[in-house]
Each structure stands twice: as C-alpha cells, then as structure tokens.
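Novice: this one's structure only:
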C-alpha cells in the first residue's frame with residue numbers, strides 16, 4: 001500500500017488451507033470408525049510392496065469428502081499436502097521415504113490407486129483390482145456405528161425414511177428413466193435418526209420408492225433394541241410413498257409405531273367435507289382470516305390394499321389459492337400421549353419430517369453422495385457409503401464436539417467453511433508436527449471450545 005511494493009513468491013514453506021482437519025484426525029483416533037471400515041475389505045495385494053494401507057486410503061478418501069474435495073483427481077494435488085497425510089495417518093507426512101523416485105514428496109495415494117479401491121467393489125481381476133469390498137459388512141457397520149451415535153438415554157427413537165433421485169448422465173449400470181423425476185437416475189433409499197445416517201442403499205429407479213423398507217427395518221430395529229432394549233419407543237416416519245400395508249402391518253406386528261403421509265383420494269377428501277363447509281362459513285362471516293385449518297381424526301380402510309382399518313388424521317386447510325386437504329396414517333394413540341392428538345401429531349411431529357430433507361441435501365450437496373459416475377452400481381454404492389461415513393463422522397462432531405458453540409446447529413457446509421478451512425503453516429521436526437494457524441481466524445473461541453469438547457470425549 002502507498003509507496004510499498006507488493007510482491008509474491010512460493011517460499012512460504014508447508015502451507016495448507018485445511019488447518020481444521022485436525023478435528024477429523026482426532027475424531028477418527030477417538031472413535032476408530034474408518035479403521036473398522038477397513039476391516040470390511042479384503043486386501044489381496046503383496047504387502048511387501050504396499051505403501052498405502054486400506055485404512056490410510058479410506059481415511060484419505062472419506063476425509064477429503066468431509067473437507068469438500070469430491071473428485072478423485074483432486075487427490076493428485078492433495079497428496080502433496082502434509083496435513084492431508086497427517087489426517088490419513090501417515091508417519092512420513094512429507095513423502096520422503098517413498099519407494100519410487102517419482103513419488104518422492106507425495107505422501108498420499110494418487111487418483112489411480114483410489115480408483116482401483118472403488119472399482120474393486122465390482123470384483124477383483126487378479127491383477128489390478130485387489131482390494132475387495134464386502135458390501136454386507138459395510139452396510140452393517142454403518143448401521144452399528146450410527147446406532148452407537150444415538151444418545152444413550154434416548155427413550156423415543158424416530159426413524160426417518162425417504163427415497164430421492166440421483167440423476168445420471170451416462171450409460172451407468174442400472175440407469176432407468178423415472179417418470180416423476182423426469183430423468184435417468186438412481187433411487188437411493190435413506191434412513192436417518194435425527195442427523196445420523198443409518199442406511200444409504202443405492203437402487204435403480206425401476207421400483208416403488210418404498211421397496212425393501214421392511215427388510216431394512218428388520219435390521220435397524222434389531223440393532224436399536226440390542227442397544228436400547230425393548231422399552232425405547234421406535235417410530236417410523238415417512239411420506240405417502242411409504243404408506244404401504246406391508247410396512248404398516250410389519251410395524252404393528254413388531255411393536256413399532258409409524259406416522260406416514262397418506263395420498264389423498266375422493267373418499268378421504270369427502271371425510272373433510274363438513275370441516276371445509278364450516279371453515280368457509282367462518283371465513284365468509286369474518287370470524288377467521290385465511291389461512292384457516294382444522295384437523296379431523298377418524299378410522300379409515302382402503303377398499304382393497306389395506307388388511308385392516310387404521311387411524312387417519314386429516315387436515316382441512318383453506319389457503320388463498322383454495323382448499324388444501326392433507327392426510328397422515330398412524331398407530332400412535334392420542335389417549336396414550338397428548339403429543340399425539342390430531343393437530344399436534346400432524347404439525348409438531350409429522351411436519352418435523354421435513355428436517356430429513358435437509359439431511360439428504362447435506363448428503364448430496366455437501367458430501368457429494370450423488371457423484372455416482374462410475375459405470376458399475378457396486379462401485380457407485382461404495383461411493384455412496386463413503387459419503388455416508390463422512391456424514392456420520394460430521395454428525396457426531398456436530399453433536400458432541402460442537403456442543404455449546406455457535407456451530408452446534410450448523411450445516412455440514414457451514415462447519416466445513418468455518419471450522420476446517422483455516423490457513424495453516426506446518427512446521428515439521430523429528431519430535432513434533434506443529435501447526436501455526438492464521439492469526440486473523442475469526443472463530444478462535446469456537447475452535448477452542450470445540451477442541452476442549454473433543455479432548456473430553458471418551459474413546460470408542
């Protein structure tokens with residue numbers, strides 16, 4: 001400024017824009033989730049020549065997703081970053097001891113190695129794809145770790161199910177056109193408990209959105225009851241795409257509650273006729289301004305598809321644009337708990353299901369769960385699981401480490417921006433690795449509080 005000349009060069013030493021990744025490293029050291037995930041792979045490589053263990057590859061890949069690096073090609077640059085090597089668990093963070101001279105200074109694996117890791121999910125070829133995923137064990141581990149992350153004293157556990165579109169832009173295996181989404185896509189099935197992912201199952205779009213829910217519920221409910229016992233209330237919550245007799249009957253037979261959206265039809269709308277008539281009269285007389293609504297509680301059974309009559313709550317609502325009837329079906333009883341009275345059940349409980357939409361947005365927009373661009377479904381499923389484990393890690397961080405800070409309710413994207421993206425100079429000696437974080441970092445108090453919480457968090 002003024003008379004001073006502004007110059008620049010590349011003599012700053014080891015610098016990183018991801019100084020906050022120490023939280024990811026410490027979280028993994030505390031919980032060991034990715035170490036257990038590595039146990040779900042079979043490594044057929046000749047170990048004497050292996051420089052990147054499966055656990056290191058997973059910590060590198062999943063950690064990079066948490067930091068916002070979505071593509072494998074990004075790792076050709078990240079492999080030079082000593083902090084990323086630290087996150088991956090490398091002892092030689094500068095890559096000085098690599099076997100090949102051309103790899104000196106590159107502590108981490110490049111995109112080709114990571115690509116072989118992912119394509120190995122499709123099956124080995126005896127030469128290149130020698131790290132083989134065991135998908136059933138990976139799905140079981142995500143569920144186990146997710147259930148472990150649910151607060152231990154929970155007495156009511158709400159399971160939010162939903163399916164969403166994952167648009168495809170190539171000739172991927174299992175690509176079908178979906179009439180509702182008007183695109184070629186996959187139709188992954190998700191289950192969250194609050195912010196915690198329990199299920200991320202990739203499926204083609206040639207199916208009903210709820211298909212496979214009962215099979216997944218059997219595993220999820222069993223895992224929850226092993227940890228919380230039979231006294232914890234389990235409630236399945238989902239939109240009208242899941243109001244299927246098979247799902248409701250299974251819940252009723254297994255002491256599981258449900259609260260599901262119900263698609264309207266002429267018979268259901270007719271049940272709200274009297275309520276709509278009274279609301280119109282109140283509006284016309286000036287007693288109540290728009291919008292107005294009233295809730296009706298009644299028993300209902302379809303003519304063919306349901307095996308029994310069930311409790312339905314109907315919302316008679318009049319908006320500026322006209323009538324807006326809505327319905328839910330449930331086996332929760334208002335006599336048992338006032339929270340389940342018709343209006344409260346709909347507005348306070350069922351409508352809270354919208355929070356799950358935010359979790360799916362986090363998965364796809366912040367953690368790149370929709371980057372299913374390999375040809376095979378098996379490797380795309382593996383990518384989806386990587387995003388789910390990154391989501392699980394950051395959900396635990398938000399709940400446990402960021403408790404009491406301004407980021408306690410932040411989205412994954414905000415956590416990344418405000419906690420992870422910190423300029424840092426890395427000083428390396430034989431005794432320690434020292435990080436000098438940016439002096440102008442505006443969230444110092446949040447960082448210190450979070451680090452205190454992390455240090456107090458028990459291992460395991």
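Specialist: That came through, no problem. A quick note: this is a predicted structure, and the numbers were derived from the prediction, not measured.
Novice: Contact partners for residue 152?
Specialist: Applying C-beta atoms under 8 Å, 6 or more residues apart in numbering to residue 152 gives no contacts. C-beta here means a position set from N, CA and C on the backbone, and glycine is covered the same way.
Novice: what kind of secondary structure is it in?
Specialist: Using DSSP: H, G, I helix; E, B strand; the rest coil, the structure places residue 152 in coil.
Novice: With residue 229 as the reference, measure out to it.
Specialist: Distance from residue 152 to residue 229, counting by C-beta to C-beta, to the nearest Å: 11 Å.
Novice: and what of residue 403?
Specialist: The gap separating residue 403 from residue 229 is 25 Å, by C-beta to C-beta.
Novice: Between those two, point out the one with more neighbours.
Specialist: Taking other C-beta atoms under 10 Å, residue 403 and residue 229 do not tie; residue 403 has more neighbours (14 against 8).
Novice: Quick check: neighbours shared by residue 152 and residue 229?
Specialist: With C-beta under 8 Å, 6+ apart, residue 152 and residue 229 have no common neighbours.
Novice: Need the contact partners of stretch 388-399.
Specialist: Stretch 388-399 has contacts (C-beta under 8 Å, 6+ apart) with 23-24, 27-28, 31, 33-34, 37, 62-63, 65-66, 142, 145-146, 149, 151, 194-197, 200, 359, 362-363, 367, 369, 407-410, 412, 415.
Novice: Could you give the average pLDDT over it?
Specialist: Average pLDDT, stretch 388-399: 97.
Novice: Go ahead and measure how far that stretch is from the middle of the chain.
Specialist: The chain centre lies 8 Å from the centre of stretch 388-399; the measure is C-alpha atoms, centre = their mean, to the nearest Å.
Novice: for this protein, what's the longest helix?
Specialist: Assignment by DSSP state H gives helix 377-396 as the longest helix of the chain.
Novice: What residues of the very next helix or strand once past that one count as buried?
Specialist: Downstream of helix 377-396, the next assigned helix or strand under DSSP states H and E is helix 412-415. Within helix 412-415, the residues scored as buried using 16 or more other C-beta atoms under 10 Å are 412, 415.
Novice: so what secondary structure elements neighbour helix 412-415?
Specialist: Using 3 or more C-beta pairs under 8 Å, 6 or more residues apart in numbering; DSSP states H and E, the elements in contact with helix 412-415 are helix 377-396.
Novice: could you redo the last one with a cut-off of 6 Å?
Specialist: Helices and strands touching helix 412-415, as assessed by 3 or more C-beta pairs under 6 Å, 6 or more residues apart in numbering; DSSP states H and E, are absent.
Novice: Residue 281: neighbouring residues, count only.
Specialist: Count around residue 281 with other C-beta under 10 Å applied: 11.
Novice: Over to the one 5 residues further on?
Specialist: One way to gauge burial is a neighbour count; for residue 286, by other C-beta under 10 Å, it gives 7.
Novice: do the one 5 residues further on as well
Specialist: For residue 291, the tally of surrounding residues (other C-beta under 10 Å) stands at 13.
Novice: How about the one 5 residues further on?
Specialist: For residue 296, the number of neighbouring residues by other C-beta under 10 Å comes to 17.
Novice: try residue 443
Specialist: Number of residues near residue 443 (other C-beta under 10 Å) recorded here: 17.
Novice: so how far is residue 77 from the closest residue to it other than its chain neighbours?
Specialist: Residue nearest to residue 443 in three dimensions, not counting chain neighbours: residue 418, with 5.4 Å by C-beta to C-beta, 6 or more residues apart in numbering. Here residue 418 is placed at a distance of 23 Å from residue 77 (C-beta to C-beta).
Novice: Look at these two and report which has more neighbours.
Specialist: Higher neighbour count among residue 418 and residue 77: residue 418, with 19 against 12, using other C-beta under 10 Å.
Novice: chain center to stretch 358-373: distance?
Specialist: Centroid separation for stretch 358-373 versus its chain: 8 Å, with C-alpha atoms, centre = their mean.
Novice: buried sites along that stretch?
Specialist: 359, 360, 362, 363, 364, 366, 367, 368, 369, 370, 371, 372.
Novice: can you check stretch 246-258 too?
Specialist: For stretch 246-258, a neighbour-count test (16+ other C-beta under 10 Å) marks 247, 248, 250, 251, 256, 257, 258 as buried.
Novice: Quick one: residues contacting residue 172.
Specialist: Residues near residue 172 by C-beta atoms under 6 Å, 6 or more residues apart in numbering: residue 375.
Novice: Please repeat the previous calculation with a cut-off of 7 Å.
Specialist: Residues near residue 172 by C-beta atoms under 7 Å, 6 or more residues apart in numbering: 375, 380.
Novice: where do the helices sit along the stretch 151-300 of the chain?
Specialist: Secondary structure of the stretch 151-300 of the chain (DSSP state H, counting those that start in this stretch): helices located at 213-228, 245-253, 266-271, 273-285.
Novice: As CSV, those with mean pLDDT and distance to residue 305 would be great.
Specialist: Shown next, in CSV, are these (pLDDT from 0 to 100; distance: least, C-beta to C-beta, whole Å):
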stretch, mean pLDDT, distance to residue 305
helix 213-228, 97, 15
helix 245-253, 98, 6
helix 266-271, 96, 13
helix 273-285, 90, 23
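Novice: how about those helices in TSV, adding distance to residue 450?
Specialist: As requested, those are exported to TSV (distance: least, C-beta to C-beta, whole Å):
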stretch	distance to residue 450
helix 213-228	27
helix 245-253	39
helix 266-271	49
helix 273-285	50
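Novice: Tell me which of the ones you listed sits nearest to residue 113.
Specialist: Using C-beta to C-beta as the measure, helix 213-228 is the one of the helices of the stretch 151-300 of the chain that comes nearest residue 113, at 32.5 Å.
Novice: Give the buried residues for that closest one.
Specialist: Buried-residue list, helix 213-228, by 16+ other C-beta under 10 Å: 213, 216, 217, 220, 221, 223, 224, 225, 228.
Novice: So for stretch 341-361, first residue to last residue, what's the gap.
Specialist: 31 Å (C-alpha to C-alpha, to the nearest Å).
Novice: Repeat that for stretch 232-252.
Specialist: By C-alpha to C-alpha, the extent of stretch 232-252 from end to end equals 16 Å.
Novice: What residues does residue 413 make contact with?
Specialist: Under the criterion of C-beta under 7 Å, 6+ apart, the neighbours of residue 413 are residue 366.
Novice: And the pLDDT for it?
Specialist: 96.
Novice: go on, residue 336?
Specialist: Residue 336 is assigned 85 on the pLDDT scale.
Novice: Look up phi and psi at it.
Specialist: The phi/psi pair for residue 336 (degrees, to the nearest 10) reads phi -80, psi -40.
Novice: wait, what's in contact with the residue lying closest to residue 80 once chain neighbours are set aside?
Specialist: Take residue 80 and drop its neighbours on the chain: the residue closest to it by C-beta to C-beta, 6+ apart is residue 106, 6.2 Å away. Listed by C-beta under 7 Å, 6+ apart, the contact partners of residue 106 are 79, 80, 95, 98.
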